[in-house]
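[1] Here's a sequence, model it:
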Amino acid sequence: MSYDSNFKKCVFSMTFTPFDPLEFKNTKINDAALNALKREISNILSSYVGWYDPFCELIQNALDAVEARVTLESSAGTASTYVPKIRIIVDLDENALTVTDNGIGLDKEKFEQFLAPNFSFKSGSTRGHKGVGATYVAYGFNFMRVSTKVPGFQASGRIIGAKTWLKGNATGGNPKVEPDSSSFTDPAYADIDRGVSITVRFDDDTHPRRLDWIRANTAVKWRQILSVKTGLGSIFESKETEILISVVSNKKTTTEEYKGTSYLWLHRHASKTSSIRELQAAADTIYAKFGAGRKLPDKYSNLDFIYDTWKHDEIEKMVGTALDDEERAVLLKHKPIVSVEFGYTAKLWNQFNDNLGLRNGYKVLTSGIQLAANNMPQGETILIPLNRNIGRQNQLHFLIHFDDYSPDLGRKGFHRELNDFAKTVARAITENHLSKLRQHLKANTGVAPDLARELAIGEWKKDMLQHEQGKPLQLTSKHFFLPTERVSITSAPTREQDVIALFHQLIAGGVVRGIRVMSTNERFTYDGLYKVAFDLDSALYIYDPEKNPLGVPADTASALAGKITDPRVLEYKFSLDGLIEDFDSHDKNIKDVDLCIVWDTGDLYKERYGISSLLVPENADQRQYHGVTHILSDLESGAKHCELIVLKELVDHLNAPEASITTQRSKYE
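    Below you'll find the predicted structure:
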């Protein structure tokens, strides 16, 4: 790594007398005052609960410092000679973090005061200005070293055992900042003309305890992580600051050097994307030329992502009617900027996390709402509370930045009214605007074909066939299964278990005659296996609008007489909404499911799927086996996805067929 003239070695050298950072808070450090200060510091530390808080604090301080120096150099007329630089060293071997900047630096007075709680030199426009971050860095760890250079003053000191002292386990007085003349943790610090370098080390008393816990061991991985979790992921991009990240792991060092800070958006790395504004402009142009119904150019179809950003005045026009008085006050006061990326599938975020190769199950970037303030993301993502198409929440990532606001001390989070505002806006934009653009994204048919998944289903089917052969279950007496002409369940189902019980009664009672259940399995991905059977008298399967309205055409019954299919996959749901949500969240693959038994259809299917009713007489010839009531298909292509038995509509049809047919035509045609 080479450095320009901005990183020239200082020629002056100054030292200092060891000092207690807390003396600035109270010139009379008696026991009562010291205990009060310890409680104050403990309260500050208790608000820092995030794994990345040390990174956030040190990086935001460095960013503020270089931005302050840009202002200083501009005032002096020397801005053209200054290049802001930040170096981050993640030493996994030494379990230490170092952040160095060539920013404004700390003079002697600030050097001796900045660690005191609730004391800050920063203004409200900087990332950290509440005066707690430096205190957290000093007293949240048992080793912290700070080095500073400004014209006329330079110093390097360390404070040891502060976290142990704070917990009351240390002997002697409170820890002091003592001069440290040892080699700099970051060797490049010796060559800068002005700035600060801070190192903290982690141990069993700190949070985190070990930096290698997440198993990120290269600079490339840490760049991506820090661009999501810290000020390196700035909301308003900075193109000037040079960043160098070094990671030491198993005595090997990797580096990542780049220029500029910005939030990590997946759509920037996708092959085919479009902003919402581009889509709308293209649609307007096509409409003006050709009128309604003309398809957009192919560049706007099969997209990986749709994305955009809106300022507060645009948000008011888009979703203002959805805001209550409190949320409208947030809009006016904090002038939020809302950004979103809408991916065709939730697996895009899963793939990003998988590609990082971190510890099993650990996720850096997820769908949801990421809140931000002070030009950086803060806190964890929150769920988008959709009222419909709930699975879509896994395909969206919102970033909402609030101006003129800082979260509570440390990283406790944003006030309730800001959280409520973010949820309302994300829901309104999704349901009122993004849902209309879904057709421009790639078709989301669930997770991609996966050999391991297919093999697992194949093994399940094979095992159940062997089990069926080894331990068959039969009742052969002619005295049983006499028709009772009623079901023993006395009320409509209210949950999935009721649906299962009712369906099995309908099979045993001969209402549904084409299905033989092989297995139910609450631990596997899918609920059960079944076979389609034509092993009874063919006359029992043949459709008759009055006597056998769930039957199949006579030629089908004749052609398949005596046949039993291979195992197929069966799902039970109280409502079809549950299956649609499973498809959208990728818990289940639409290509795997052959039949779903539900009480009712719900409404989620309407946007992306079509349903054909086989209870309408003219559609009965489409029924492939006895008992099927509906077919779920692709809304655009009409391709069949799976068969359905909608029990509520089946019962209604058997009880009042004429009224049912009218209802079916009205609902599905």
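[2] all contacts plus neighbour counts: C-alpha atoms, from now on.
    Noted.
[3] need the longest strand for this structure.
    strand 238-249 (DSSP state E).
[4] Tell me where the stretch 351-500 of the chain has helices.
    Counting by DSSP state H, counting those that start in this stretch, the stretch 351-500 of the chain has helices at residues 416-432, 451-470, 496-508.
[5] can you list those helices in JSON lines and add mean neighbour count and mean pLDDT?
    Formatted as JSON lines, those follow (neighbours: other CA atoms under 10 Å; pLDDT from 0 to 100):
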{"stretch": "helix 416-432", "mean neighbour count": "19", "mean pLDDT": "96"}
{"stretch": "helix 451-470", "mean neighbour count": "13", "mean pLDDT": "78"}
{"stretch": "helix 496-508", "mean neighbour count": "17", "mean pLDDT": "93"}
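[6] In TSV: these, plus distance to residue 647.
    Formatted as TSV, the helices of the stretch 351-500 of the chain follow (distance: least, CA to CA, whole Å):
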stretch	distance to residue 647
helix 416-432	30
helix 451-470	26
helix 496-508	8
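[7] and residue 49, how many neighbours does it have?
    By the criterion of other CA atoms under 10 Å, residue 49 has 14 neighbours.
[8] quick one: it from residue 358, how far?
    Distance of residue 49 to residue 358, given as CA to CA, to the nearest Å: 21 Å.
[9] any idea where the strands of the stretch 101-250 of the chain begin and end?
    Using DSSP state E, counting those that start in this stretch, the strands found in the stretch 101-250 of the chain span residues 143-150, 153-160, 178-179, 195-201, 238-249.
[10] right, so of those, which gets closest to residue 37?
    Between residue 37 and those, the shortest separation by CA to CA is 16.9 Å, and it involves strand 153-160.
[11] And for that closest one, what's in contact with it?
    The contact list for strand 153-160 (CA atoms under 8 Å, 6 or more residues apart in numbering) reads 12-16, 107-108, 138, 142-149, 175-181.
[12] Which of those are buried? Put it as a PyMOL command.
    In PyMOL, this line selects whichever of the contacts of strand 153-160 come out buried by 16 or more other CA atoms under 10 Å:
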select buried, resi 107+108+138+142+143+144+145+146+147+148+149+175+176+177+178+179+180
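[13] any chance of the strands of the stretch 101-250 of the chain in TSV, plus mean pLDDT?
    Below are those laid out as TSV (pLDDT from 0 to 100):
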stretch	mean pLDDT
strand 143-150	95
strand 153-160	94
strand 178-179	92
strand 195-201	96
strand 238-249	95
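[14] that older thread, just checking, what packs against the longest strand of the chain?
    Packed against strand 238-249 by the contact rule (3 or more CA pairs under 8 Å, 6 or more residues apart in numbering; DSSP states H and E) you find strand 85-91, helix 219-229, strand 252-261.
[15] okay, the ones you listed, which one's buried deepest?
    Across these, averaging neighbours per residue (mean count of other CA atoms under 10 Å) puts strand 85-91 on top, at a mean of 23.
[16] other SSEs contacting that strand?
    Partner elements for strand 85-91 (3+ CA pairs under 8 Å, 6+ apart): helix 53-76, strand 96-101, strand 238-249.
[17] Need the contact partners of it.
    62-63, 66, 96-103, 186, 211, 241-249.
[18] strands paired with it, and their directions?
    Strand pairing for strand 85-91, using DSSP bridges, gives strand 96-101 (antiparallel), strand 238-249 (parallel).
[19] circling back: of all the helices and strands packed on strand 238-249, which lies closest to residue 514?
    helix 219-229 (53.6 Å).
[20] pLDDT averaged over that closest one - what is it?
    The average of the pLDDT scores along helix 219-229 is 97.
[21] ditto for stretch 597-606
    Mean predicted lDDT for stretch 597-606 stands at 93.
[22] Can you list the neighbours in contact with stretch 325-337?
    309-312, 316, 320, 400-405, 417-418, 420-421.
[23] and of the residues you listed, the nearest to residue 528?
    Distances from residue 528 to the contacts of stretch 325-337, taken by CA to CA, are shortest for residue 420, at 40.7 Å.
[24] Can you name the helix or strand that the closest residue to the closest one other than its chain neighbours falls in?
    Nearest residue to residue 420, sequence neighbours excluded (CA to CA, 6 or more residues apart in numbering): residue 327, at 7.3 Å. In this structure, residue 327 is located in helix 325-334 according to DSSP states H and E.
[25] Next: residue 17.
    Going by DSSP H and E, residue 17 is not in any helix or strand.
[26] Report the residue spans of the stretch 501-650 of the chain with pLDDT below the cut-off.
    Along the stretch 501-650 of the chain, segments meeting pLDDT under 70 span 522-523.
[27] Which parts of it are helices?
    554-559, 576-585, 647-655.
[28] Would you mind finding the most buried of those helices?
    helix 576-585 comes out most buried of those by mean count of other CA under 10 Å, with a mean of 21.
[29] So what touches it?
    345-346, 389-392, 394, 444-446, 573, 588-590, 598-605.
[30] Please compute how far stretch 178-187 lies from its chain's middle.
    41 Å (CA atoms, centre = their mean, to the nearest Å).
[31] Oops, could you answer that again for stretch 233-250 instead?
    So, by CA atoms, centre = their mean, the centroid of stretch 233-250 is 23 Å from its chain's centroid.
[32] Of all the residues in that stretch, which ones are buried?
    233, 234, 235, 241, 242, 243, 244, 245, 246, 247, 248, 249.
[33] Please name the nearest non-neighbouring residue to residue 196.
    residue 148 (4.5 Å).
[34] wait, the one you found sits on residue 190?
    No. Judged on CA atoms under 8 Å, residue 148 makes no contact with residue 190 at a distance of 10.4 Å.
[35] low-scoring stretches of the stretch 301-450 of the chain, by residue?
    Applying pLDDT under 70 to the stretch 301-450 of the chain flags the ranges 408-412, 444-450.
[36] Where do the strands of it begin and end?
    Under DSSP E, counting those that start in this stretch, the stretch 301-450 of the chain gives strands at 305-310, 337-343, 368-373, 376-377, 396-402.
[37] Mean neighbour count added to the ones you listed, as TSV?
    As requested, those are exported to TSV (neighbours: other CA atoms under 10 Å):
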stretch	mean neighbour count
strand 305-310	20
strand 337-343	25
strand 368-373	23
strand 376-377	24
strand 396-402	25
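[38] got JSON lines for the ones you listed, with distance to residue 640 too?
    Conversion of the strands of the stretch 301-450 of the chain to JSON lines gives the following (distance: least, CA to CA, whole Å):
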{"stretch": "strand 305-310", "distance to residue 640": "26"}
{"stretch": "strand 337-343", "distance to residue 640": "24"}
{"stretch": "strand 368-373", "distance to residue 640": "32"}
{"stretch": "strand 376-377", "distance to residue 640": "43"}
{"stretch": "strand 396-402", "distance to residue 640": "27"}
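[39] so which of these gets nearest residue 74?
    Per CA to CA, nearest to residue 74 of these: strand 376-377, 24.2 Å.
[40] if we look at that closest one, which residues are touching it?
    Contacts for strand 376-377 (CA under 8 Å, 6+ apart): 127, 228, 229, 230, 231, 232, 233, 234, 235, 370, 371, 401.
[41] for these, which one is nearest residue 536?
    residue 370 (59.0 Å).
[42] Centroid-nearest residue for this structure?
    residue 366 (2.0 Å; CA atoms, centre = their mean).
[43] gap between the closest residue to that residue other than its chain neighbours and residue 266?
    Excluding its sequence neighbours, the residue lying closest to residue 366 (CA to CA, 6+ apart) is residue 349, at 5.9 Å. Distance of residue 349 to residue 266, computed by CA to CA: 8 Å.
[44] So between the two, which is more surrounded?
    residue 349 (21 against 17).
[45] Next up, the contacts around the more buried one.
    The contact partners of residue 349, taken as CA under 8 Å, 6+ apart, are 266, 365, 366, 367.
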